[in-house]
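A.B. asks: Could you look at this predicted model? Sequence included:
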Amino acid sequence: IKTLQFLPSKLNSQLPPILLKSGLATFLILWIFLFYQLLSNSLLEPANVNGQSVQLVGCGQVDDVWKGINQACGVDGKICEPFDDRTFLFKCPAGCAKGSWTYSAKPVGNFSSIYRPYVIGGDNKYRADSSICGAGVHQGVISNRKGGCARIRFKGFNPAGFRGYKGKGGVESIGFDSFFSASFSFDSYLIREKEWVDGCSDLRFFIIGVNIVLSLVFGYFVVSPQFFFWTLTFMGFWMVVFVSDPPVNLEGSSPEIWSKMISLGFRRLLPTTITSYVIYHFCVSRTLENLDASLSRSLLWVGGFWLGLLENYTFESLPIDRLIISDINKQPGGWAAVIFLLILVIVASLNQAYTMWYSGKLKSYLILYGCLAGGVFILTLIPGQTLRVHHYVIALVLLPGTSFQTTPSLLYQGILVGLFIFGVARWDFDSILQTTDELRRGDSSLLSGIPSFISFNATSGAILWKALENE
């Protein structure tokens, strides 16, 4: 183990610099080329079935199927017609068992759907406002791990209701025992058995696995801490944007989505780079510079980096959506998960506090975190605002406490840097103060105002009222 720990430093001192630089450049060029090839043959590869182009859609609601939430389609869905005598061919990304969840309450009869897949029905008969990709996973025609192509056929009015049950991929659908103006069913079994299909797979998990392996190798052999940090920072940033959790609506043509990803990525890259420079200068450099323990750096720092960077997968089983009291109250087990995470943070903080005390820096860190706590308290007093603790905020607050060359610091720092990159690449530098309206996510139960009644027909019992302004 000791030989492996210090082998890269030994090679760096013995081999000619030109050989080291050439080998590193070759490795990075091959890495970028492999990443591009896998990416171009994955989610954004144009799919077709028997030569017919297939539209890429996201895991949520699709406008070509159902045009919006709550009252968007009007009474009896008249605005979204026609509902029958047509088919829709589409390609779903991977991960739609969780990607089809709703995060604001949506009424389904007397049931309020939240924090679960928005899939209504089963037995190949689904309500038209369901997530079509989530329904495809439930029916077993779409793979949760690799995505896939499917075709739905609109069935029009359904008077018999929809049966809910736990289907494939762990997706449990919602039952609805009444009529609905539109429904659909899948005939994608024909695609699998009789038709020629190309470009229907989402290889994101394979791409992630390849990049984890290559980054571990890179993190082991590279000696320069600056090159180590910046390579992983930029690789991780574009990994989130293009692969693990794209921050754009996936509905549309592949070239159009490519353009949106690139544009959005570069818009967020500049502030990310500036903030990363500050992180390196004040935190990471103190941990990685003059560190010869290459094996520990690769396994702990790089391994932790991926834990944070893939937060949407590594922590997805925790029943925590947003660190807001109202959201935590809505999720079963939410407070238990928060307490569990808080215990982990306290244990890690005590470990780091001992390191601070041992190095004679505890007082300065207590002053720093005391000022931060005071600032947060002042922010909570601002009226009409809710404090949002985003991924990048957690990382920026905790990173100064990892600026030590200890084994735990390598792991903690890697996790926090990965969490920071994930947060800004996926969600941008979102405000830490937000209004109630910004937080409600279109939740119909939070619409405010009292309707103004226009007329009442005593014969028919019909009531007509004026629409609310915020509708």
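C.D. replies: Perfect, thanks for sending it.
A.B. asks: Can you tell me the element the residue nearest to residue 292 when sequence neighbours are not counted falls in?
C.D. replies: Leaving aside its sequence neighbours, residue 292 sits nearest to residue 9 (Cβ to Cβ, 6 or more residues apart in numbering; 4.5 Å). In short, each C-beta sits where N, CA and C put it, glycine included. Residue 9 is part of helix 2-14 when elements are defined by DSSP states H and E.
A.B. asks: so how far is that helix from its chain's centroid?
C.D. replies: 38 Å (Cα atoms, centre = their mean, to the nearest Å).
A.B. asks: coming back round to it: residues in contact with the residue nearest to residue 292?
C.D. replies: Contact analysis of residue 9 by Cβ atoms under 8 Å, 6 or more residues apart in numbering lists 223, 292, 294.
A.B. asks: Quick one: mean pLDDT over the helix holding residue 9.
C.D. replies: Summarised as a single mean, pLDDT over helix 2-14 is 87.
A.B. asks: And the next helix or strand past it?
C.D. replies: Using DSSP H and E, the first helix or strand after helix 2-14 is helix 17-40.
A.B. asks: same question for that next one, mean pLDDT?
C.D. replies: Mean predicted confidence for helix 17-40 is 93.
A.B. asks: Give me the angle between it and helix 2-14.
C.D. replies: Between helix 17-40 and helix 2-14, the angle comes out at 120 degrees (axes from the mean of the first three to the mean of the last three Cα atoms, to 10 degrees).
A.B. asks: tell me which strands and helices the helix or strand following helix 17-40 is in contact with?
C.D. replies: Sequence-wise, the next helix or strand downstream of helix 17-40 (DSSP H and E) is strand 47-49. Packing partners of strand 47-49 (3 or more Cβ pairs under 8 Å, 6 or more residues apart in numbering; DSSP states H and E): strand 52-56, strand 148-155, strand 197-198.
A.B. asks: Nearest to residue 321, out of these?
C.D. replies: With Cβ to Cβ as the measure, strand 52-56 is the member of the helices and strands packed on strand 47-49 nearest residue 321 (25.9 Å).
A.B. asks: Would you mark the buried spots in that closest one?
C.D. replies: Of all the residues in strand 52-56, those buried under the rule 16 or more other Cβ atoms under 10 Å are 54, 55, 56.
A.B. asks: before we move on, what about stretch 211-225?
C.D. replies: Going by 16+ other Cβ under 10 Å, stretch 211-225 has these buried residues: 211, 212, 214, 215, 218, 219, 220, 221, 222, 223, 225.
A.B. asks: could I get the residues you listed as TSV with distance to residue 314 and secondary structure?
C.D. replies: Formatted as TSV, these follow (distance: Cβ to Cβ, whole Å; DSSP: H, G, I helix; E, B strand; the rest coil):
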residue	distance to residue 314	secondary structure
211	15	helix
212	12	helix
214	19	helix
215	15	helix
218	21	helix
219	18	helix
220	22	helix
221	25	helix
222	24	coil
223	29	coil
225	25	helix
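A.B. asks: Specify which member of those is nearest to residue 3.
C.D. replies: residue 220 (13.0 Å).
A.B. asks: circling back: out of the helices and strands packed on strand 47-49, which gets nearest to residue 239?
C.D. replies: strand 52-56 (19.4 Å).
A.B. asks: Compute the inter-axis angle for that closest one and strand 148-155.
C.D. replies: 90 degrees.
A.B. asks: What residues of whatever helix or strand comes next after strand 52-56 count as buried?
C.D. replies: Downstream of strand 52-56, the next assigned helix or strand under DSSP H and E is strand 84-92. Within strand 84-92, the residues that count as buried by 16+ other Cβ under 10 Å are 88, 89, 90, 91, 92.
A.B. asks: With stretch 423-431 instead?
C.D. replies: 423, 424, 425, 426, 428.
A.B. asks: what residues go with each domain of this structure?
C.D. replies: As recorded under automatic domain parsing, the domains making up the chain are 47-198, 207-434.
A.B. asks: Residue 22: which of these is closest?
C.D. replies: Closest to residue 22 of those, according to Cβ to Cβ: domain 207-434, at 13.3 Å.
A.B. asks: From the opening residue of that closest one to its closing one, how far?
C.D. replies: From its first residue to its last, domain 207-434 covers 35 Å (Cα to Cα, to the nearest Å).
A.B. asks: next one: it to chain centre, how far?
C.D. replies: In terms of Cα atoms, centre = their mean, the centre of domain 207-434 is set 14 Å apart from its chain centre.
A.B. asks: re earlier: turn the helices and strands packed on strand 47-49 into JSON lines, columns for mean pLDDT and distance to residue 3.
C.D. replies: What follows is the helices and strands packed on strand 47-49, written out as JSON lines (pLDDT from 0 to 100; distance: least, Cβ to Cβ, whole Å):
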{"stretch": "strand 52-56", "mean pLDDT": "86", "distance to residue 3": "49"}
{"stretch": "strand 148-155", "mean pLDDT": "90", "distance to residue 3": "47"}
{"stretch": "strand 197-198", "mean pLDDT": "75", "distance to residue 3": "49"}
